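Q: Quick one, what's the 3D model for this:
(one chain, ligands or ions: 1)
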Amino acid sequence: MGEAIPVKRIDAARQRAVATALREFLPARAVLFAEEDTRPYECDGLTAYRRVPMVVALPENDEQVQRVLRTCSSLDVPVVPRGAGTGLSGGALPLGDGVLLSMAKFMRVLRVDPAARIAIVQPGVRNAAISDVVSPFGLYYAPDPSSQIACSIGGNVAENSGGVHCLKYGLTVHNVMRVRGYTAAGEPVEFGSEALDVPGYDLLALAVGSEGMLMVITEVTVKLLPKPPVARVVMASFDDVEKAGQAVATVIAEGIVPAGLEMMDQQATRAVEQFVRAGYDLDAVAILLCEADGTAEEVEEEVARVKEVLARAGATQMTVSRDEAERLKLWSGRKAAFPAVGRISPDYYCMDGTIPRHRLGEVLRFIGEMEKKYGLRCPNVFHAGDGNLHPLILFDANNPEELQRTEQFAAEVLEKCIEVGGTITGEHGVGVEKIDQMCVQFAPAELETFHAVKRVFDPRGLLNPGKAVPTLVRCAEFGRMRVLGGKLPFPGLPRF
Ligand SMILES: Cc1cc2nc3c(=O)[nH]c(=O)nc-3n(C[C@H](O)[C@H](O)[C@H](O)COP(=O)(O)OP(=O)(O)OC[C@H]3O[C@@H](n4cnc5c(N)ncnc54)[C@H](O)[C@@H]3O)c2cc1C
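A: Presented below is the predicted three-dimensional model:
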């Protein structure tokens, strides 16, 4: 982490050849190769990994995307699709010998059908913009990553993104009905439909979360939901992190499905309050934010039940938002938590693991022990209802020794997630960041199945190669390193 990945110098002759071929059908302004133009694309939200692409292509219609892919295929040039570049696992990290295919110009909402409750949008449309556009119809698009003001729906589909409201309304995969796009060879593909079911294998579900490795998405049909008439948030304080974790499991065990159920520990609330005055209880060791939505009667009943359960679970104090302004204020802190933490430390490393809810307390205690062991602070702010953790390890990338401790800290937390029956990613994807941990999570036969699927879509391995699914050779090497070191060398620089 914290360094540019050493790569061979860009091959100038090849760069010229590729740029010239692309300029046969793209305007000159849509083919970038001068370093001052390509450098802004060197990383996504995982800034520890950087690599300047050989060429950046900015198509603006389907035909151009298809021709970029066909051209690259004929020249044997790898292609990395990119949305808004907010990804946190390095999925859009470019290749020094490849084309970075930016979908930033695909920004049109093509059709809104309020009766069918769907919207057909281009992949570069921002997540929050979909809800803005359909709001006059009393509708919205439910999955709401905290990055929703910036991230694109194409990126959301590729990462199967989640958010605060996914506990009740599902992840991206549950809210997308159809995708259209192109394979690596430029063949058009369409998965799903406007109907609830289609014949054949469910390749839509396969496309969602495929991290830009199976197809380039050029159109997405999303489900829209009616805006709930009322929503209120309960903020509950706890004097113990484990109690708060247990309270989350109890709420769900009671059969309540809140619209959102989020947790922040004291380090996180204190960082947030300095940045956004959200009105959090700064004396609480942890707070839960639990949202109820529906009709006024439904909300009143659910809030009463939630309060009763949380009180039994040991909440020391509770407040309920009285109006929409107060509700939004309470969420504003949660949504701004990552940038708030960015203000109190030179660098932070945002992890993303998911565990069974009933193990939350135990894993949070473990993270606390790791803070002491490694001498690094680690605020926690996360989608507690989904068991989706986001430990934010604070470090200074200019201090190599601290960086190493951060890596070991992170490795131990991910090992713990797997040990308690969880997974190494909840919503941020694998990308380059967690590719080695895939070797721990999956057996060789399972990884080989992933490779077989990839080969069906992309036999020559030209679309976003080196991401998400490790080769078996890499896993064997990684296994040897584990045996020698006894620890996962996480995340480390990827070996390409
Ligand atoms: C402050 C902050 C908060 C965040 N909060 C959340 C959160 O709450 N929940 C969550 O899930 N994520 C969150 N993220 C992560 C990130 O925003 C999501 O992963 C998002 O979906 C990425 O979208 P993007 O448009 O930025 O994609 P990019 O980063 O550009 O790309 C992500 C991946 O998608 C692929 N891709 C992009 N567009 C296409 C396309 N058209 N066709 C094929 N492949 C494509 C890329 O190759 C890459 O593998 C957060 C990030 C930040 C910085």
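
Q: Doesn't Glu300 belong to a helix?
A: Yes - Glu300 sits within a helix when classified using DSSP: H, G, I helix; E, B strand; the rest coil.

Q: Which residue is the nearest non-sequential neighbour of Ser210?
A: In space, and not counting its chain neighbours, Ser210 is closest to Ala158: 6.4 Å by C-beta to C-beta, 6 or more residues apart in numbering. Glycine gets a C-beta too; all of them are placed from N, C-alpha and C.

Q: er, Ala84 I mean
A: Among residues not flanking Ala84 along the chain, Ser152 sits closest, at 4.5 Å (C-beta to C-beta, 6+ apart).

Q: Contact partners for the one you found?
A: Residues counted as contacts of Ser152 (C-beta atoms under 8 Å, 6 or more residues apart in numbering) are Gly83, Ala84, Met103, Ala104, Pro123, Gly124, Val125, Arg126, Asn127.

Q: now the second one: how far from Glu298?
A: The reference is to Ala84. 35 Å (C-beta to C-beta, to the nearest Å).

Q: Of the two, give the one with the bigger neighbour count.
A: Higher neighbour count among Ala84 and Glu298: Ala84, with 23 against 14, using other C-beta atoms under 10 Å.

Q: circling back to that earlier point, what bridges to the residue nearest to Ala84?
A: According to DSSP bridges, the partner residues bridging Ser152 are Arg126.

Q: By neighbour count, which of the contacts of Ser152 wins?
A: Among the contacts of Ser152, Gly83 has the most neighbours (other C-beta under 10 Å), with 30 neighbours.

Q: Give me the pLDDT for it.
A: pLDDT, Gly83: 98.

Q: I figured it hits Gly155, correct?
A: Yes - using C-beta atoms under 8 Å, Gly83 is in contact with Gly155, at 3.2 Å.

Q: got any residues that touch both of these two?
A: Ala92, Pro123.

Q: circling back to that earlier point, could you verify my assumption that the residue nearest to Ser210 touches Gly83?
A: Yes - using C-beta under 8 Å, Ala158 is in contact with Gly83, at 7.2 Å.

Q: can you list the residues of the protein near the ligand?
A: Counting by C-beta under 6 Å from any ligand atom, the residues of the chain close to the ligand are 44-45, 80-88, 91-92, 103, 123, 145-147, 151-152, 154-156, 158-159, 161-163, 211-212, 216-217, 338, 427-428, 464.

Q: Roughly how far does the residue nearest to Ala84 sit from Gly83?
A: Plainly put, Ser152 is 4 Å away from Gly83 if you go by C-beta to C-beta.

Q: picking that back up, which of the helices or strands spans the residue nearest to Ser210?
A: helix 153-159 (DSSP states H and E).

Q: name the helices or strands packed onto that helix?
A: Under the contact criterion of 3 or more C-beta pairs under 8 Å, 6 or more residues apart in numbering; DSSP states H and E, helix 153-159 touches helix 127-134, strand 216-223.

Q: Just the mean pLDDT for that helix, thanks.
A: Helix 153-159 comes out at a mean pLDDT of 98.

Q: Ok, stretch 186-195 next?
A: Mean pLDDT, stretch 186-195: 96.

Q: Mind listing the shared neighbours of Ser152 and Gly83?
A: Listed as contacting both Ser152 and Gly83 by C-beta under 8 Å, 6+ apart are Met103, Ala104, Pro123, Gly124.

Q: And the furthest pair within those residues?
A: Ala104 and Pro123 (9.6 Å; C-beta to C-beta).

Q: any idea how far Ser131 is from Glu326?
A: Separation of Ser131 from Glu326 (C-beta to C-beta) stands at 20 Å.

Q: and those two? which has more neighbours close in?
A: Ser131 (19 against 16).

Q: what's the spatially closest residue to that one that is not a sequence neighbour sitting at in phi/psi?
A: Of all residues beyond its chain neighbours, the one nearest Ser131 is Tyr140 (4.2 Å), with distances taken as C-beta to C-beta, 6+ apart. Dihedral pair for Tyr140: phi -160, psi 170, per degrees, to the nearest 10.

Q: Does Tyr140 touch Val133 like I think?
A: No - using C-beta under 8 Å, Tyr140 is not in contact with Val133; the gap is 10.0 Å.

Q: buried stuff in the longest helix along the chain?
A: The longest helix of the chain (DSSP state H) is helix 400-419. Going by neighbour count (16 or more other C-beta atoms under 10 Å), the buried part of helix 400-419 is 402-403, 405-418.

Q: and what of stretch 112-131?
A: For stretch 112-131, burial by neighbour count (16+ other C-beta under 10 Å) applies to 112, 118-131.

Q: Mind checking the pLDDT average for that stretch?
A: Averaged over stretch 112-131, pLDDT sits at 98.
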